[in-house]
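Peer 1: Kindly return the folded structure for what I paste below:
(one chain, ligands or ions: 4)
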Amino acid sequence: MGITNPFKDQSLSLTKRLLPWTLYALLPIALLRFYFYPVPDTELPHSTPITITSYSSSASSPPFSENKKAYDPPCDYFDGKWIRDMRGPLYNGTTCGTIKEGQNCITHGRPDSGYLYWRWKPSQCRLPRFEPHTFLQLVNNKHVAFVGDSMARNQLESLLCLLSTASTPNLVYRNGEDNKFRKWHFPSHNVSVSVYWSPFLVQGVEKSNSGPNHNKLYLDHIDERWGRDMDQMDLIVLSIGHWFLHPAVYYENDSVLGCHYCPGLNHTEIGFYDVLRKALRTTLSSIIDRRGGKGNGIDVIVTTFSPAHFEGEWDKAGACPKTKPYRNGEKQLEGMDADMRKIEIEEVEDAKTKANELGGFRLEALDVTRLTLLRPDGHPGPYMYPFPFANGHKERVQNDCVHWCLPGPIDTWNEIFLELMKKWREHPRTEE
Ligand SMILES: *[C@@H]1O[C@H](CO)[C@@H](O)[C@H](O)[C@H]1NC(C)=O
Ligand SMILES: *[C@@H]1O[C@H](CO)[C@@H](O)[C@H](O)[C@H]1NC(C)=O
Ligand SMILES: *[C@@H]1O[C@H](CO)[C@@H](O)[C@H](O)[C@H]1NC(C)=O
Ligand SMILES: *[C@@H]1O[C@H](CO)[C@@H](O)[C@H](O)[C@H]1NC(C)=O
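Peer 2: Ligands and ions are numbered 1, 2, ... in the order given. Alright, predicted model coming up:
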């Protein structure tokens, strides 16, 4: 088939599978080819925890002797397990009013609630419960922008609900079909939180019923729908991935670079891995170019790929039927999930090196892939629609096994996000 596979040098056997895939609002449903590598997770470097440089006592003195704050051993928040926690979530389906319909599992009649009583326990430390006041204080007078696909939106809506337990936001801007561009303001702390729909981060034309049946991506330009507001952002959370699996034609420097699943078009199949890498590279370079200098610095979080958990057909009962997390060791990070994450981590590390030379720019991966992989129980499944079984058990029912119920495991992403920000506070940018 002439597939140029960026990982072919690993000489892995390539199994092609046809799987149904559901995406944003579950409207653009397409049959997509998956590249599936049946190999165990290769050990990857986790995003390097922020190194502490201020501790300068002689090597013989115990690290905790005088000032505990002076030496906090870095914790890898992304290595751990899910443990039972009877306290339950900070909010419920009616606390915040901003939960997207399809993710409000409680009010849609999801009968089990066990999935709400788990807490992520990093191996080396404790992950504190989300503290909305602390978060708002840390971003006092700032604008936090979520940019990406429906996962960015899912994480943003979790954050809004968590923050709403402490302070009420006002919706100050709304635009685009299905509220794709929105901004809230928390008057208590003069904090703005916004969401920008940009499923590729780079310029793109999404496939539509009226237009072409594939996406078009322009890999050398960022999407100015968010890019033009970059000078008003203080913290950007980038979250992409699933839209790269769609059929697409890729352009670079005004010429066709290749395509992914475009039968009938005379373009070279190049898969989507290299394309994801290029899109991230263009995005991070543009942020560094525009905001990397000292004095006007910006912080960037890249949320890594969020695995889906389809076990059966998306429109049949039991597509993602689990009601408990996987136990430790039961599920390995592998295949496409691992490859997408690896690319994101590598590009973040690469950009970090460049950013460190400039100062004024902090960048961290929010490496949620593995902890999220372990939560097959956290998706809406059939409860993307209200009371799907009200008229008895149905054979055909649509399932969302991609997004996350709110409240649900995605709240943990924001707990870790807050911990990353606390670390930043302890180790300010060089210009400050
Ligand atoms: C949801 O939380 C609100 C407070 O945020 C509370 O008033 C309400 O009773 C809760 N609803 C349920 C069903 O627990
Ligand atoms: C409120 O925050 C914005 C940034 O989001 C800042 O430009 C503005 O100066 C702040 N206002 C006050 C009164 O501090
Ligand atoms: C596009 O242009 C950039 C910079 O001019 C260059 O580095 C890159 O190789 C070009 N890509 C292609 C596919 O021609
Ligand atoms: C397809 O592309 C190749 C190489 O660019 C060209 O030689 C060939 O004529 C094209 N075929 C069609 C049907 O356009």
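Peer 1: quick one: contacts of the helix or strand hosting R182?
Peer 2: Using DSSP states H and E, R182 falls within strand 181-186. With contacts defined as C-beta atoms under 8 Å, 6 or more residues apart in numbering, strand 181-186 is touched by 98, 136, 160, 163, 167-175, 191-197, 225. The way it works is simple: take the backbone N, C-alpha and C, and place the C-beta from them, glycine included.
Peer 1: Show me the shaky parts of this protein.
Peer 2: By pLDDT under 70, the weakly predicted segments of the chain are 1-73, 294-295, 429-432.
Peer 1: Tell me the residues of it that contact ligand 2?
Peer 2: By C-beta under 6 Å from any ligand atom, the residues of the chain that approach ligand 2 are N141, K142, H143, N190, S192.
Peer 1: Neighbour-wise, which one of these leads?
Peer 2: S192 (21 neighbours; other C-beta atoms under 10 Å).
Peer 1: Over to that one. Which of the three states is it?
Peer 2: Per DSSP: H, G, I helix; E, B strand; the rest coil, the secondary structure class of S192 is strand.
Peer 1: Any idea what V144 is bridged to?
Peer 2: In this structure, V144 bridges to V193, L235 when assessed by DSSP bridges.
Peer 1: next one: K183
Peer 2: Counting by DSSP bridges, the residues bridging with K183 are Y173, S194.
Peer 1: For it, give its distance to L156.
Peer 2: Here the criterion is C-beta to C-beta, to the nearest Å. By it, K183 lies 11 Å from L156.
Peer 1: For the residue of the chain found nearest ligand 3, which non-adjacent residue is closest in space?
Peer 2: Here the chain gets closest to ligand 3 at one residue, N253, 3.7 Å apart by C-beta to the nearest ligand atom. Among residues not flanking N253 along the chain, D220 sits closest, at 5.9 Å (C-beta to C-beta, 6 or more residues apart in numbering).
Peer 1: That neighbour - how many residues pack around it?
Peer 2: 17.
Peer 1: How about the secondary structure of it?
Peer 2: strand.
Peer 1: That one: what's it in contact with?
Peer 2: V202, E252, N253, T282.
Peer 1: For the nearest residue to the last one once chain neighbours are set aside, list the residues it contacts.
Peer 2: Distances taken as C-beta to C-beta, 6+ apart put V202 closest to T282, at 5.3 Å, once the chain neighbours are dropped. Residues counted as contacts of V202 (C-beta under 8 Å, 6+ apart) are L217, Y218, L219, D220, H221, I222, D223, K278, A279, T282, T283.
Peer 1: Run a quick neighbour tally on G392.
Peer 2: 5.
Peer 1: What of R87?
Peer 2: R87 - counted by other C-beta under 10 Å - has 9 other residues nearby.
Peer 1: where does it sit relative to K81, distance-wise?
Peer 2: 17 Å.
Peer 1: repeat for W197
Peer 2: 34 Å.
Peer 1: Of the two, which one has the most company?
Peer 2: Taking other C-beta under 10 Å, W197 and K81 do not tie; W197 has more neighbours (24 against 17).
Peer 1: who's in contact with that one?
Peer 2: D149, R153, G176, K180, F181, R225.
Peer 1: tell me the two of those that are most distant?
Peer 2: Greatest spatial distance among these (C-beta to C-beta): R153 and R225, at 14.4 Å.
Peer 1: Looking at these two, which is more packed in?
Peer 2: R153 (23 against 17).
Peer 1: To what extent is N391 buried, counted in neighbours?
Peer 2: So N391, with other C-beta under 10 Å, has 7 neighbours.
Peer 1: for it, helix, strand, or coil?
Peer 2: Assignment for N391 (three-state DSSP): coil.
Peer 1: Wait, G271 touches H260, no?
Peer 2: Yes. Counting by C-beta atoms under 8 Å, H260 is a contact partner of G271 at 6.0 Å.
Peer 1: Identify all contacting residues around stretch 285-293.
Peer 2: Outside stretch 285-293, the residues within contact range by C-beta under 8 Å, 6+ apart are 222, 227, 230-231, 236, 297-298, 300, 351, 354-355, 358, 360-361.
Peer 1: mind listing the helices for this protein?
Peer 2: For the chain, the helices defined by DSSP state H cover 132-138, 150-164, 224-227, 273-291, 335-358, 369-373, 410-426.
Peer 1: Relative to ligand 1, which of those is closest?
Peer 2: helix 150-164 (8.1 Å).
Peer 1: Could you tell me which residues within stretch 218-231 count as buried?
Peer 2: Y218, L219, D220, H221, I222, D223, R225, W226, G227, D229, M230 (16 or more other C-beta atoms under 10 Å).
Peer 1: pretty sure the second one is in contact with L280, am I right?
Peer 2: No. At 10.1 Å, L219 does not count as touching L280 under the criterion of C-beta under 8 Å.
Peer 1: if I pick T95, what's in contact with it?
Peer 2: C161, S164, T165.
Peer 1: Let's see that with 6 Å instead.
Peer 2: C161, S164 (C-beta atoms under 6 Å, 6 or more residues apart in numbering).
Peer 1: and if you look at the one 3 residues further on?
Peer 2: T98 sits next to E157, L160 when contact means C-beta under 6 Å, 6+ apart.
Peer 1: so how far is L171 from it?
Peer 2: In terms of C-beta to C-beta, T98 sits 8 Å off from L171.
Peer 1: What of S192?
Peer 2: Taking C-beta to C-beta, one finds S192 at 11 Å from L171.
Peer 1: Check F387 too.
Peer 2: 28 Å.
Peer 1: now the end-to-end length of stretch 96-111.
Peer 2: End-to-end distance for stretch 96-111, by C-alpha to C-alpha, to the nearest Å: 21 Å.
Peer 1: Mind checking which of G271 and H260 has more residues around it?
Peer 2: Per other C-beta under 10 Å, whichever of G271 and H260 has more neighbours is H260, with 24 against 20.
Peer 1: any idea what sits nearest K324, other than its immediate chain neighbours?
Peer 2: Closest to K324 by C-beta to C-beta, 6+ apart is D377, at 5.5 Å.
Peer 1: Spit out the contact partners of the one you found.
Peer 2: Counting by C-beta under 6 Å, 6+ apart, D377 touches Y115, K322, T323, K324.
Peer 1: and if you look at T372?
Peer 2: T372 touches S306, P307, counting by C-beta under 6 Å, 6+ apart.
Peer 1: repeat that with 8 Å
Peer 2: T372 sits in contact with S306, P307, G378, P409, I410, W413, where contact means C-beta under 8 Å, 6+ apart.
Peer 1: how close does it get to G329?
Peer 2: Taking C-beta to C-beta as the measure, T372 falls 17 Å from G329.
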